[in-house]
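Asks: 3D model of this:
(one chain, ligands or ions: 1)
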Amino acid sequence: MADVVLKNVRKSFGRARVIHGVDLDVKDGEFLVFVGPSGCGKSTLLRLIAGLEDITSGDLFIGGQRVNDLAPAKRGIAMVFQSYALYPHMSVYDNMAFGLELAKSSKAQIDAKVREAARMLQIENLLDRKPRQLSGGQRQRVAIGRAIVRDPKVFLFDEPLSNLDAALRVQTRIEIAKLHTDTRATMIYVTHDQVEAMTLADRIVVLNAGRIEQVGTPLELYHRPANLFVAGFLGSPQMNFITCVVSHVGSDGVQVQLPNAGMITVPVSSDGVRVGETVTLGIRPDHVKVSAQGTLTGRIELVEELGENHLLYVDFGKDRHLTIREPGDARHGIGQEVSLSLAPESCHLFKDSGEALPLIAPTGTPMARSPSPATSAA
Ligand SMILES: Nc1ncnc2c1ncn2[C@@H]1O[C@H](COP(=O)(O)OP(=O)(O)OP(=O)(O)O)[C@@H](O)[C@H]1O
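Replies: All right, here's what the predicted structure looks like:
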């Protein structure tokens, strides 16, 4: 087990700069997940840690040792890929044993480790099969088993569930969570899938164009996004954004004038905010309610019935839209005029720069939206 520390890590491919000075402190035993839009550098960062790409500048430490110049095999890491990367001509047993044979472990040691990993992953009955005789989920378990037998200090996962169907994804996700609980190994995991990120991570790192936007626990990022990017990236359906103008600032928060509608006072710090300034109000679809006396009126354009809940798409004039999530037993139809209330304590305000205004804690002191800079502990 080991911590992983990145200090001002940069990566360029030729003249293209891809990672722009990342500082990150992954704690021993932590499950850290990288998320971000396609091309933001998630896999590159993982491959830099694995040693599959050279670091252009900066320092990488694993378990306190600077490993910039250490070969991948010597870093004490094991990587699990989306494509499984199994040897097709070898049995499951041999695939799992291969790394240990290269490391010249004894036959007895190899056998014990392979059987223990197979037991953990419930693939003991598949040890004699070839990869082509396995389902996708079984192949991925073999790939994970191959990583386990090496007893790595750090597991690296690059979208390991992407090739699996929905049911298998859930099942394998649960197995990875169990593996983390059982081994308490440090794990760094790249995914596109928000549910995987939210359910597996101790902390999530949101990346954008080769930079860290925010690091925090899943709930911290969801409830207290540091900026517009993180607010818009996490959560499905996406957070609603409404451009509005500051009409008053006070100790109880910042009052804004909603377009074509009433005022709302959001309990955030008014430091550095001026009356007349344009800001963006953000509110998640779960926090907008159809009510008799709302702040905003609009017309339902579309209803999507999802069973347990449904989504209303509301037009509130000049091509402005809000998404609302309602319980599945609520009855609203297309074309209906509705009045909407926005819970002020669930609203976020973002300055022109995109930065979130800090919430005011009940005592009246501002609470940072971003709980931790990239390098601090959660
Ligand atoms: N070997 C390479 N040579 C040149 N550019 C590369 C190379 N590998 C990655 N890149 C570029 O680096 C950037 C980051 O790529 P990376 O694969 O890390 O992104 P990602 O966030 O993992 O994307 P995705 O979610 O689509 O897998 C992209 O612009 C990509 O084109």
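Asks: what are the ranges of the strands in the stretch 201-350 of the chain?
Replies: Applying DSSP state E, counting those that start in this stretch to the stretch 201-350 of the chain gives strands spanning 203-208, 211-216, 240-250, 253-257, 263-266, 278-283, 288-290, 296-305, 309-315, 321-327, 337-342, 348-350.
Asks: Between strand 278-283 and the third one, find me the angle.
Replies: When you say that, I think you mean strand 240-250. 120 degrees (axes from the mean of the first three to the mean of the last three CA atoms, to 10 degrees).
Asks: how about strand 240-250: buried residues?
Replies: 240-242, 244, 246, 249 (16 or more other CB atoms under 10 Å). Bear in mind the C-beta positions are built from the backbone N, C-alpha and C, glycine included.
Asks: so how far is it from its chain's centroid?
Replies: 28 Å (CA atoms, centre = their mean, to the nearest Å).
Asks: if we can go back for a sec, ok, of the buried residues of strand 240-250, which one's closest to residue 4?
Replies: Of all these, residue 241 has the smallest distance to residue 4: 34.8 Å, by CB to CB.
Asks: is it true that that closest one touches residue 228?
Replies: Yes: with contacts counted by CB atoms under 8 Å, residue 241 reaches residue 228, the gap being 7.4 Å.
Asks: Can you list the low-confidence ranges for this structure?
Replies: Along the chain, the model assigns pLDDT under 70 to residues 362-378.
Asks: Give me every residue in it lying close to the ligand.
Replies: The chain comes close to the ligand at residues 13, 16, 18, 36, 38-44, 192, as judged by CB under 6 Å from any ligand atom.
Asks: swap the cut-off to 8 Å and go again
Replies: For the chain, the residues in contact with the ligand (CB under 8 Å from any ligand atom) are 13-14, 16, 18, 34, 36-47, 53, 158-159, 190, 192, 207, 210.
Asks: Among those residues, the buried ones, what's the PyMOL command?
Replies: Applying 16+ other CB under 10 Å to the residues of the chain next to the ligand, the buried members can be selected in PyMOL as follows:
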select buried, resi 18+34+36+40+41+42+43+44+45+46+47+53+158+159+190+207+210
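Asks: For residue 163, which non-adjacent residue is closest in space?
Replies: residue 136 (5.5 Å; CB to CB, 6 or more residues apart in numbering).
Asks: do you know how far that neighbour is from residue 81?
Replies: From residue 136 across to residue 81, the span is 13 Å (CB to CB, to the nearest Å).
Asks: can you list the domains in this structure?
Replies: Under the assignment automatic domain parsing, the domains of the chain span 4-229, 230-367.
Asks: Please identify the buried residues of the longest helix seen in the chain?
Replies: Across the chain, the longest stretch assigned as helix under DSSP state H is helix 166-183. Buried residues in helix 166-183, counted by 16+ other CB under 10 Å: 168-169, 172-173, 175-176, 179-180, 183.
Asks: Do a quick rundown of the helices in the protein.
Replies: 42-50, 92-102, 107-121, 136-149, 166-183, 194-200, 218-223, 228-233.
Asks: Out of these, which is closest to residue 330?
Replies: Comparing those by CB to CB, helix 218-223 comes nearest, at 23.3 Å.
Asks: Name the residues of that closest one that are buried.
Replies: 218, 220-222.
Asks: what's the neighbour count on the residue lying closest to residue 243 once chain neighbours are set aside?
Replies: Nearest residue to residue 243, sequence neighbours excluded (CB to CB, 6+ apart): residue 280, at 5.8 Å. Counted with other CB atoms under 10 Å, the neighbours of residue 280 add up to 19.
Asks: ok, residue 43 - contacts?
Replies: By CB atoms under 8 Å, 6 or more residues apart in numbering, the contact set of residue 43 is 158-159, 190.
Asks: Tabulate the residues you listed in JSON lines, adding columns for distance to residue 67.
Replies: What follows is the contacts of residue 43, written out as JSON lines (distance: CB to CB, whole Å):
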{"residue": "158", "distance to residue 67": "18"}
{"residue": "159", "distance to residue 67": "23"}
{"residue": "190", "distance to residue 67": "19"}
